[in-house]
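> What shape does this take:
(chains A and B)
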Protein chains: 2
Amino acid sequence: MTFFALKDIQPKEIIPGFRGRFVHTECMTIAHWEIDAGSELPTHSHPQEMVVNFLVGQFELTVDGETRALVPGDVVVIPGNVSHSGRSLTDCRIIDVFHPPRDDYRD
Amino acid sequence: MTFFALKDIQPKEIIPGFRGRFVHTECMTIAHWEIDAGSELPTHSHPQEMVVNFLVGQFELTVDGETRALVPGDVVVIPGNVSHSGRSLTDCRIIDVFHPPRDDYRD
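Numbering: from 1, shown residues only, chains lettered A, B, ... in the order given. All right, here's what the predicted structure looks like:
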């Protein structure tokens, strides 16, 4: 097995207020995010399919023009190349998974 | 977007003590598990690559003969077709992600 403890992974602040710890595998990237309240995710897209697993907080997510207020226990599937943006209303914790891997998040 | 609230997904007890809520996408399966203390995961394998995101509890995981005591914040990558087994020492919560999807977990 390949084993990681998140506490031993250096977080990267990819966007102001969005600190991610990343595990890249052969097929996927797993992103464990800690997000500060009031942080803005600019509109963007990427070729990877993405699944948002929302753990802690409140986050306003807009996907292809449709906005949802996410709460813990919500799961959102965003197909590849679909524009999305968002805003954290509180401090948040999210696990995002991507296929194929997000090479742009590698060191 | 495709949106799910875990509370609206009916859990399935795939193995005694292992209740999973599944989201199947084009490329992946996301499994949100609630596991009772003292439950046994028999040795098995599957062709999918798998990533274990360990959220709550203590779980003894054996992958290809190597055993680890998992605690919250641990992430484990298990390649496809590699045998694994385990035992929950406490009630646990885990998010497993698979590529490609686990068609055997579909309705």
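
> okay, now A:P47: neighbour count?
Using other CB atoms under 10 Å in any protein chain shown, A:P47 has 10 other residues around it. Just so you know, the C-beta spots here come from the backbone N, C-alpha and C atoms, and that holds for glycine as well.

> any idea of the pLDDT on the nearest residue to it once chain neighbours are set aside?
Spatial nearest neighbour of A:P47, excluding adjacent residues (CB to CB, 6 or more residues apart in numbering or on different chains): A:G80 at 4.8 Å. pLDDT for A:G80: 98.

> With A:D8 instead?
pLDDT, A:D8: 97.

> thinking again about what came up before, ok, the residue nearest to A:P47 - contacts?
Shown in contact with A:G80 (CB atoms under 8 Å, 6 or more residues apart in numbering or on different chains): A:45-50.

> Then A:V97?
By CB under 8 Å, 6+ apart, A:V97 lies in contact with A:28-31, A:50-51, A:53, B:28, B:30, B:51, B:97.

> need the residues of chain A near chain B, please.
Contact residues, chain A versus chain B (CB under 8 Å from any CB of the partner chain): A:1-7, A:23, A:25-28, A:30, A:32, A:49, A:51, A:53, A:55, A:61, A:63-64, A:66, A:68, A:73-79, A:82, A:84, A:95, A:97, A:99.

> Stretch A:11-18: which residues count as buried?
Neighbour counts using 16 or more other CB atoms under 10 Å in any protein chain shown place A:14, A:17-18 of stretch A:11-18 among the buried residues.

> Who are the contact partners of A:G20?
Counting by CB under 8 Å, 6+ apart, A:G20 touches A:11-12, A:14, A:31-33, A:105.

> For it, give its distance to chain B.
Using CB to the nearest CB, to the nearest Å, A:G20 is found at 13 Å from chain B.

> which SS class is that residue?
When classified by DSSP: H, G, I helix; E, B strand; the rest coil, A:G20 comes out as strand.
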